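J.: got a sequence here, can you build the structure:
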Amino acid sequence: MSRGPTLIELDDTATDTPATAPQPPEDTPPTGAAMQATLALGRRRMSWLGRMGWAAALALLGMALSLAAWDFVTGLIARNPSLGWVAGGLLGLVALACLGVALREWAGFRRLRRLDDLRQLADRARHDDTRATALKLMDRLSGLYSARPEMRWHRDRLAELAPDKPDAEGLLHLTETTLLMPLDQAACAEVEAAARQVALLTAMLPMALVDVVAALAVNLRMIRRIAEIYGGRAGALGSIRLLRGVVAHLLATGAVAVGEDMLGTVASGGVVSKLSRRFGEGLVNGALTARLGIAAMSICRPLPFVAVQKPRTGAIMSTAVSGLFERANS
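T.: All right, here's what the predicted structure looks like:
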């Protein structure tokens, strides 16, 4: 027997309309993930047990490779003297290149140490208020840049005006404004270029791990260039040491967190992220790069910022972003 249609009554409750529907969750503001990962790599320090283990492992690996190469060359000489001596010459060139790299790294560490000595001498001259110490610092700092043709006028100007400063504080201020101001401008240009590159790479690279590697490479090159500008050209190991020192300086001063000079950049990144998430993230990464560069200037600079105002993140990012749009329009 067939049954008729079944009527199912629905409740009279009204469904949500677009006006009454809950708002979708807003995207989280950009946090600069690439630069945060770079800072995490820079602040990570290995324990003494880990350093000892890695040093022993590298020494063992070097011994194994050296013995294997030596056995290969001696065995080849026994079988074919001509090829054996060619291999021995190539092995000597490899050893000579390794020695050259080691000497370059050692020289880089010595140059960085020289900058630290100048900073300590400046602190002593300012603390003791002794003109003789300040004059010694001026002479050593002028000698540091004696091989640079672009610094000749500034060195001559400093030597001309130094007798007019009877006290240590005035001599230190004169040295800072005469010798270091042009170097500060060059260092700020490097920081602006690095911040612009990090912002652009973050916006263009789709993979998260790739932009972390790119940001790390750009920041290491920026720190190395800043050290070169101030007279402390470092090698690969010296650049890593500088990165750790810069991150430690940021942590000590609390500059890793968002401060007054970065609020505008973060706010701009949040607004831009509504249109382009990657570009908003790039702005924040660029601001963190600028902050890292300013810390690198404070670490590598032979004199602390006293007579000259320290650069600000907002000003650097303003110039970097304006330069980015100028390049895009050209």
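J.: for the closest residue to residue 128 other than its chain neighbours, what are its contacts?
T.: Leaving aside its chain neighbours, residue 128 sits nearest to residue 168 (7.6 Å; criterion: C-beta to C-beta, 6 or more residues apart in numbering). In short, each C-beta sits where N, CA and C put it, glycine included. Shown in contact with residue 168 (C-beta atoms under 8 Å, 6 or more residues apart in numbering): 125-126, 128-131, 133-134.
J.: lowest-confidence member of those residues, which is it?
T.: Lowest pLDDT among the contacts of residue 168: residue 129, with 80.
J.: how about it, nearest residue that isn't a chain neighbour?
T.: residue 168 is the one closest to residue 129 (C-beta to C-beta, 6+ apart), at 5.0 Å.
J.: residue 173 now?
T.: Closest residue to residue 173 apart from its sequence neighbours, by C-beta to C-beta, 6+ apart: residue 307 at 4.0 Å.
J.: that neighbour and residue 134, how far apart?
T.: For residue 307, the distance to residue 134 equals 13 Å [C-beta to C-beta, to the nearest Å].
J.: give me the more crowded residue out of these two.
T.: More neighbours surround residue 134 than the other of residue 307 and residue 134, with 27 against 17 (other C-beta atoms under 10 Å).
J.: returning to that earlier point: in three-state terms, label the residue nearest to residue 173 for me.
T.: Using DSSP: H, G, I helix; E, B strand; the rest coil, the secondary structure recorded for residue 307 is coil.
J.: next one: the one 3 residues further on
T.: Look at residue 310: counting by three-state DSSP, its state is coil.
J.: the helices in the stretch 1-150 of the chain, which residues?
T.: Along the stretch 1-150 of the chain, counting by DSSP state H, counting those that start in this stretch, helices occupy 33-43, 48-79, 81-128, 131-144.
J.: which one of these has the lowest average pLDDT?
T.: Among the helices of the stretch 1-150 of the chain, helix 33-43 scores lowest, at a mean of 66.
J.: so how far is residue 225 from the residue sitting nearest the centre point of the chain?
T.: In the chain, the C-alpha nearest the mean C-alpha coordinate belongs to residue 219, at 3.5 Å (C-alpha atoms, centre = their mean). Separation of residue 219 from residue 225 (C-beta to C-beta) stands at 11 Å.
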